[in-house]
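Visitor: pasting the structure only:
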């Protein structure tokens, strides 16, 4: 019983209190063709983080991606893809974690048809021109993210 109580406490604290929905309307809808064209036309490396507001591991990752964006946004583009969610849930998640980079709304998980994978979270590391450099399935920690960003920069420089 005590283990169950501890687990419920951890889960409740991981969810945190919802923040007010950010103004500005709904996230733009994900379009696989437009997204593929965008990656192919990109002149900079891109990190694509697939998340959902109901995903507990995604909540752990969100501050890491916000910090990585602050440090690397002059060299790397960051895009979030919210899958199988609601616009309200997405807006609350983005506001709660003050995510500054672009996010798209992908209710049918079409990103999987573009870059592959299952579940959330997934992080894709994409070279300029759209070539997939690496994929990280599941939660990514600070060390793994730092290493992947360094490798992406090295793989795409020169």
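Guide: Yep, that arrived. This is a predicted model, so every value here is computed, not measured. Numbering: from 1, shown residues only.
Visitor: List the beta-bridge partners for the most centrally placed residue in the chain.
Guide: In the chain, the centroid-proximal residue (CA atoms, centre = their mean) is residue 49; its distance is 2.5 Å. Under the criterion DSSP bridges, residue 49 forms beta bridges with residue 80, residue 123.
Visitor: these two touch, right, it and residue 65?
Guide: Yes. Residue 49 lies in contact with residue 65 (CB atoms under 8 Å); the separation is 5.4 Å. No exception for glycine: its C-beta is placed from N, CA and C like everyone else's.
Visitor: what sits in contact with each of those two?
Guide: Common contacts of residue 49 and residue 65 (CB atoms under 8 Å, 6 or more residues apart in numbering): 78, 80.
Visitor: picking that back up, next, the contact list for the residue nearest to the centre of the chain, please.
Guide: Applying CB under 8 Å, 6+ apart, the residues near residue 49 are 61, 65, 78, 79, 80, 81, 121, 122, 123.
Visitor: Go through these and say which is closest to residue 54.
Guide: For those, the closest approach to residue 54 (CB to CB) belongs to residue 121, at 11.7 Å.
Visitor: Burial check on the closest residue to that closest one other than its chain neighbours, number of neighbours?
Guide: Counting by CB to CB, 6 or more residues apart in numbering, residue 121 lies nearest to residue 58, which is 4.8 Å off, once chain neighbours are set aside. Using other CB atoms under 10 Å, the number of residues around residue 58 comes to 23.
Visitor: what are the ranges of the strands in this structure?
Guide: All strands of the chain, identified by DSSP state E, fall at 46-51, 77-83, 102-106, 122-126, 132-137.
Visitor: any weak-confidence spans in this protein?
Guide: 1-25, 158 (pLDDT under 70).
Visitor: most surrounded residue in the contacts of residue 49?
Guide: Compared across those, residue 81 has the highest neighbour count, 26 neighbours, by other CB under 10 Å.
Visitor: contacting residues for it?
Guide: 30, 48, 49, 50, 51, 103, 104, 106, 111.
Visitor: Out of those residues, which is nearest to residue 96?
Guide: Closest to residue 96, out of all of the contacts of residue 81 and judged by CB to CB, is residue 51, at 12.2 Å.
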